[in-house]
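Colleague: A predicted structure for the sequence below; I have some questions about it.
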Amino acid sequence: MRQCVREQFKVSIRERSNRPGKWVVELRPTGRRGGHGPSQTVGSLAEAQAVAETLMAKLDRGELPELAPPKTVEDLVPEFMQRKRESKRVLSTNTIDFYEEILDRRLMPTFGKLPITRVSDRGVEAYVAGRLADDLSPVTVQGEVDAFAHLLDLAIEKKIIKVNPARGIEVEGIRDERPKEWLHTPEITIFLGFCSTTFYPKAFAAIFLGLRRGEVIVVQWGDFDFDHDVLLVRNKPEFKFRTKYGRSRSIPLWPEVKEYFLRRWEEMGRPGPEALVFPNTNGGRYSLDTRSFAKATAEAVKRAGITRPVTKFHDLRRTFGSLCLEARVPLEVVAEWLGHRSVETTRQVYARISGLFSSEQMGRVGEYWQRKRAEQGRRLPSLPVAVCPGEVRAAEQNTAVIEGSKESGAANGCGRTEIGCGQAKVMN
């Protein structure tokens, strides 16, 4: 018995990295990572060696210390989320959904089982590098890191750790992020023509339905309602998939899109409602983190001769938003179809064109102005020509002339004066 107990554990001595001069004696199980037994911090190496001898003596007597599994990152989540829900600062449902989304789908698969004391800044930086390699924007990755830092603040409060390894990490490129890209309308047909046979259906769904990568992967035939011409995008617990904000949305199918998917359904042998619309080559489901879509997108762009930096599968989804705005679909409706958290998100992503197409509305203002001028004749003044910056002083000097012209014009029954680059002229 004594020999068995002795073989199950080992005693380690180390100097604390954050407290030079302090030594830690720790009893660890052999062949098991993460578990730990009693530990003690002492003030010198000699004291540490004495404590280690005491522990070894206990093992020789067959005394088995009770192992306490370390607190892991996922152990913090329930209390953290409960605090968020009960916060005195009333948080919106969107904010709560944001934390649940980031923690469940992004952070826990990487850090969940890791003991809190083993989370390091290098580990967080490696996570950031991996997320950026998955073609995520720096802003998105920074949001995930910030959420992780908030979670680890709870570990500091509980005195599990003293330094937050996620706090202060800033993702490169977040301050100089390039404008969002998408395919221009004339490029869509060309791009699709250079897609591989297996990638074409996925690209088609992103361009004409605005689906995200994960949504393409988990969509099933039962999500299509061909009687009412809509596609339902929803959470899929059986696939461990949750929509970006945990909310369902419906996307209308216009005739050509409906016809395409009906034809695909026929070609696939009329599969049942549980069947995947876009299975992988083995008939199964793609990994939610697959990079094959991004690779296929970049290859098709290159073959199509498109030189702009449209390299991400997500750029195809943005193409759908651009196409809708070009068709003069209201911004609020486009935001709903895309599943954006707010209209402001849509406005920021498509800033280049949302303002461009509103110029059509401004043109109506100009037409109205011209019509009112024609109706009222001289009683409505024409738009003044702006005074040239270098001639402001000259304009000031001519003020007296202008006022005199107004009085003269009023006396003669005409009251319109035009100013152009500092000169005044009475219109008869």
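Modeller: Nice, thanks for sending it over.

Colleague: can you tell me which residues contact Val119?
Modeller: Val73, Phe111, Leu152, Ile161, Pro165, Ala166 (C-beta atoms under 8 Å, 6 or more residues apart in numbering). Using the backbone N, CA and C atoms, a C-beta is placed for each residue, glycine as well.

Colleague: Retrieve the pLDDT associated with it.
Modeller: Val119 carries a pLDDT score of 92 in this model.

Colleague: same check, this time on the one 3 residues further on
Modeller: The predicted local distance difference test score for Arg122 is 91.

Colleague: Using the three-state scheme, assign it.
Modeller: Secondary structure, DSSP: H, G, I helix; E, B strand; the rest coil: Arg122 is helix.

Colleague: Make JSON lines out of the contacts of Val119 and add pLDDT, distance to Ser87 and neighbour count.
Modeller: Shown next, in JSON lines, are the contacts of Val119 (pLDDT from 0 to 100; distance: C-beta to C-beta, whole Å; neighbours: other C-beta atoms under 10 Å):
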{"residue": "Val73", "pLDDT": "93", "distance to Ser87": "21", "neighbour count": "22"}
{"residue": "Phe111", "pLDDT": "94", "distance to Ser87": "23", "neighbour count": "22"}
{"residue": "Leu152", "pLDDT": "94", "distance to Ser87": "18", "neighbour count": "24"}
{"residue": "Ile161", "pLDDT": "87", "distance to Ser87": "23", "neighbour count": "16"}
{"residue": "Pro165", "pLDDT": "92", "distance to Ser87": "24", "neighbour count": "20"}
{"residue": "Ala166", "pLDDT": "93", "distance to Ser87": "20", "neighbour count": "25"}
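
Colleague: domains for the chain, by residue range?
Modeller: As assigned by automatic domain parsing, the chain contains the domains 2-60, 73-157, 185-340, 381-426.

Colleague: returning to what we had before: show me which of the contacts of Val119 is closest to Val219.
Modeller: Distance to Val219 across those (C-beta to C-beta) is lowest for Phe111, with 29.1 Å.

Colleague: now the residue nearest the centre of the chain: how far from Arg106?
Modeller: Central residue of the chain (C-alpha atoms, centre = their mean): Thr140, 3.8 Å from the mean position. Distance, Thr140 to Arg106, using C-beta to C-beta, to the nearest Å: 9 Å.

Colleague: what do those two both touch?
Modeller: Joint contacts of Thr140 and Arg106 (C-beta under 8 Å, 6+ apart) are Arg131.

Colleague: one step back: ok, now which ones touch the residue nearest to the centre of the chain?
Modeller: Thr140 makes contacts with Arg131, as judged by C-beta under 8 Å, 6+ apart.

Colleague: Also the one 10 residues further on?
Modeller: Contacts of His150 were listed using C-beta under 8 Å, 6+ apart, and they are Phe80, Tyr99.

Colleague: quick one on the thing from earlier: can I get the contacts of Val119 in TSV including distance to Gly130 and secondary structure?
Modeller: As requested, these are arranged in TSV below (distance: C-beta to C-beta, whole Å; DSSP: H, G, I helix; E, B strand; the rest coil):
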residue	distance to Gly130	secondary structure
Val73	17	helix
Phe111	12	helix
Leu152	19	helix
Ile161	23	coil
Pro165	16	coil
Ala166	15	coil
